[in-house]
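Engineer: Build the 3D model from these lines:
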Amino acid sequence: MPSKNELVEPRILKGFQDFLPVDLITRKRIIGRIEAVFEKYGFAPVDSPALEHLDVLLGAGGENTNKELFRLESPEGEPVALRFDLTVPFARLLAQYPDRLKAPFRRYAIGPVWRADKPGPGRFRQFWQFDVDVAGAPTVAVDAELVALMCEVMAAVGAPDYRVLINNRKLFEALLDGCGIGDEAKRKHVMRVIDKLAKVGVDNIRLELAGGRVDESGDPIPGVGLDRDTIERILSFIAITGDTRAAVVEALAGALPESRESEAALEEMRTMAEALAALEVSEQHAVFDPSLARGLDYYTGSVFETVIPGAPQFGSVGGGGRYDGLVERFMNRAIPCTGMSVGLDRLMACLTELGAVVPVTTPVQALVVTMGRVPQAETLRLAQELRVAGIRTEAFFASRKKMQMGNQLSHADHYGIPVAVIIGEDELARGVVSVKDLLAGKAGREDIEDRDAYREAGKTGQSTIPRAAMVDAVKAILAAQADG
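Structural biologist: Alright, predicted model coming up:
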């Protein structure tokens, strides 16, 4: 045994997290609901490695993403990195398996991604994403389907309120053309600044569009270098709102320069509005928002982002858009693509904050509790009878001193197991068992201070029945608990 000085302190890295049963059971239930919506819309599952060659990832998401890569080296000395999203690997898959992933192709993927970002509320350096993407469908109608899908996902996970914000990068392109901003680097800089609006506020955005500012830590943030009139024109544009999606489009039309690019962008927004209406997506849940920029460089058209107004401190819980040029990084032809992702960790943090998820500490429905010298084989036989009937069951085994009945019931209480099936030597001989509704017993003891009354109340919900009736009795208790 190592000495105290040799013990390793148990700890995890900043921005990472462990998942205990109470966390993971709830997550898996949420995952199941989301997957069901994805498959309802015709998406098939795909997965790819956590590690990619560095050149696959570099440059795909822009300068900031390059800085956030976790870079490593393979055993062969090749530069590699942990994937920062699931979209770039999908573009690589499309180019690598063109005969097997024939367009149009709908895929979803679920898995961890890594970004060396600054941790914050709901923001981690390793986090799970759900992605849905459609390859080979160059129509805004498919973008609208993704918005409808996202609305259905949010309803399925029990989000009490949500908004899917929608914009189109082509609107920004037309606006910047009208402002005379032709330099590509400067245009991308403007997009990245606008993308920080919700995080830093309009006053800081104004400073960054001009000469720059100093952030809270004292570090200088370089500005874009725009003049005052251009800045106010951009800020007025992103402040446009309307009572309906159609009203926003018409207001945008009045703020854009008359050009072929403007008309093309506006036509895509009108098509989006018509498609969302056909999909019966409410005006309340899907909103046109010209301030939405999305920071990744690969977006080329529609962009969308999901927020939960009741938990603004967590930022967006999902987002995406159209990226028609990304696959060209890997092959000599373009494949139009559109997609969106859900940040599972941030979504779970939001739902937990709002009380929209009920913590579940165990998947176990029944605990087999033994008294006296009941053979272990009989304990296993009893547990197996319950499992065969579809009841998730744990047979309690521990050291001899922990096999006292009180310890076994304390175990059930600690993990929230709702039913105990109790058998002793006498019950075994008589062919009976005691079935106990542990939730009813716990409720019956609340606020009781007298010791004898407390012990008597603990018998609430307990009955001794023939072993042949055990399965039906346990199922009846579980059904009553679910209804209650």
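Engineer: where along the stretch 201-350 of the chain do the helices fall?
Structural biologist: Counting by DSSP state H, counting those that start in this stretch, the stretch 201-350 of the chain has helices at residues 202-209, 228-238, 245-255, 260-278, 344-353.
Engineer: I'd like to check what contacts the shortest one. Which residues are they?
Structural biologist: In this case it means helix 202-209. Residues outside helix 202-209 that contact it (CB atoms under 8 Å, 6 or more residues apart in numbering): 190, 193-194, 196-197, 213, 221, 223-224, 226, 230-231, 234-235. Where you see a C-beta, it was placed from the backbone N, CA and C, and this is true even at glycine.
Engineer: Go through the helices of the stretch 201-350 of the chain and pick out the most buried.
Structural biologist: helix 344-353 (a mean of 21; mean count of other CB atoms under 10 Å).
Engineer: Could you pull out the buried residues of the helix or strand just after that helix?
Structural biologist: Per DSSP states H and E, helix 344-353 leads on to strand 366-370 as the next helix or strand towards the C-terminus. Going by neighbour count (16 or more other CB atoms under 10 Å), the buried part of strand 366-370 is 366-370.
Engineer: if we can go back for a sec, ok, so of the contacts of helix 202-209, who is nearest S291?
Structural biologist: Checking those against S291 with CB to CB, the nearest one is L197 at 5.4 Å.
Engineer: What about the closest one, how many residues nearby?
Structural biologist: If you count neighbours by other CB atoms under 10 Å, L197 ends up with 17.
Engineer: In this structure it contacts R294, no?
Structural biologist: No: look at L197 against R294 with CB atoms under 8 Å: they stay out of range, at 11.6 Å.
Engineer: if I've got this straight, P112 is in a strand?
Structural biologist: Yes: checked against DSSP: H, G, I helix; E, B strand; the rest coil, P112 lies within a strand.
Engineer: Quick one: residues contacting the residue positioned nearest the centre of the chain.
Structural biologist: Centroid-nearest residue in the chain, with CA atoms, centre = their mean: L344, separated by 1.7 Å. Contacts were defined as CB under 8 Å, 6+ apart; by that measure L344 touches 27, 30-31, 110, 127-130.
Engineer: still on that earlier bit, compare the helices of the stretch 201-350 of the chain and give me the one nearest A95.
Structural biologist: Once these are compared by CB to CB, helix 260-278 is nearest, at 26.0 Å.
Engineer: Quick one: work out the angle between the closest one and helix 245-255.
Structural biologist: Inter-element angle recorded for helix 260-278 and helix 245-255: 170 degrees (by axes from the mean of the first three to the mean of the last three CA atoms, to 10 degrees).
Engineer: Show me what helix 260-278 is in contact with.
Structural biologist: 140-141, 143-145, 147-148, 166, 168, 170-171, 173-174, 177-178, 245-246, 248-249, 252-253, 256, 286, 288, 301-302.
Engineer: Report the backbone C-alpha coordinates of it in CSV.
Structural biologist: Taking C-alpha atoms only, helix 260-278 is exported to CSV below (Å, rounded to 0.1, in the frame of the first residue of the first chain):
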residue,chain,number,x,y,z
ARG,A,260,-28.6,41.4,-57.3
GLU,A,261,-26.9,40.1,-54.1
SER,A,262,-29.5,41.8,-51.9
GLU,A,263,-32.4,40.4,-53.9
ALA,A,264,-31.0,36.9,-53.8
ALA,A,265,-30.5,37.0,-50.0
LEU,A,266,-34.0,38.4,-49.5
GLU,A,267,-35.6,35.8,-51.7
GLU,A,268,-33.9,33.0,-49.6
MET,A,269,-35.4,34.6,-46.5
ARG,A,270,-38.9,34.7,-48.1
THR,A,271,-38.5,31.1,-49.1
MET,A,272,-37.5,30.2,-45.5
ALA,A,273,-40.6,32.0,-44.2
GLU,A,274,-42.9,30.1,-46.6
ALA,A,275,-41.3,26.8,-45.7
LEU,A,276,-41.6,27.4,-42.0
ALA,A,277,-45.2,28.2,-42.4
ALA,A,278,-45.8,25.0,-44.3
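Engineer: avg pLDDT for it?
Structural biologist: Averaged over helix 260-278, pLDDT sits at 96.
Engineer: now this structure, which segments are flagged as low pLDDT?
Structural biologist: 1-4, 61, 443-459 (pLDDT under 70).
Engineer: Let me see the domain layout of it.
Structural biologist: Following automatic domain parsing, one gets these domains for the chain: 13-162+308-361, 170-281, 366-478.
Engineer: Turn those domains into a markdown table, columns for distance to L7.
Structural biologist: Below are the domains of the chain laid out as a markdown table (distance: least, CB to CB, whole Å):
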| stretch | distance to L7 |
| --- | --- |
| domain 13-162+308-361 | 19 |
| domain 170-281 | 36 |
| domain 366-478 | 24 |
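Engineer: Point out the most buried one among these.
Structural biologist: For the domains of the chain, the highest mean count by mean count of other CB under 10 Å goes to domain 13-162+308-361, at a mean of 18.
Engineer: if we can go back for a sec, so which of the contacts of L344 belong to strands?
Structural biologist: Of these, the ones assigned to strands by DSSP state E are 110, 127-130.
Engineer: What is the nearest of those to K14?
Structural biologist: Nearest to K14 among the ones in strands among the contacts of L344, with distances taken as CB to CB, is F127, at 13.6 Å.
Engineer: From what I see, that closest one and L347 are in contact.
Structural biologist: No: contact between F127 and L347 fails when scored by CB under 8 Å: they sit 10.2 Å apart.
Engineer: quick revisit: how about CSV for the buried residues of strand 366-370, with distance to A95 added?
Structural biologist: Listed next are those as CSV, based on distance: CB to CB, whole Å:
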residue, distance to A95
A366, 51
L367, 53
V368, 55
V369, 58
T370, 60
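Engineer: Can you tell me which of the residues you listed is nearest D437?
Structural biologist: Of the buried residues of strand 366-370, the one sitting nearest to D437 (CB to CB) turns out to be A366, at 10.8 Å.
Engineer: So the closest one sits against I417, correct?
Structural biologist: Yes: shown here, A366 and I417 form a contact pair, counting by CB under 8 Å, at 7.1 Å.
Engineer: For R92, which three-state class applies?
Structural biologist: helix.
Engineer: from memory it sits against V46, does it?
Structural biologist: No: using CB under 8 Å as the test, R92 is too far from V46 to be in contact (11.4 Å).
Engineer: show me the residues around V474 that make contact.
Structural biologist: 365-366, 386, 391, 419, 421, 435.
Engineer: In strands, which of those residues fall?
Structural biologist: Per DSSP E, the contacts of V474 map to strands at 366, 419, 421, 435.
Engineer: which residues sit in contact with the last one?
Structural biologist: Same thing as V435. 419-422, 462-465, 470, 473-474, 477.
Engineer: Out of these, the closest to P121 would be?
Structural biologist: Closest to P121, out of all of the contacts of V435 and judged by CB to CB, is V419, at 37.6 Å.
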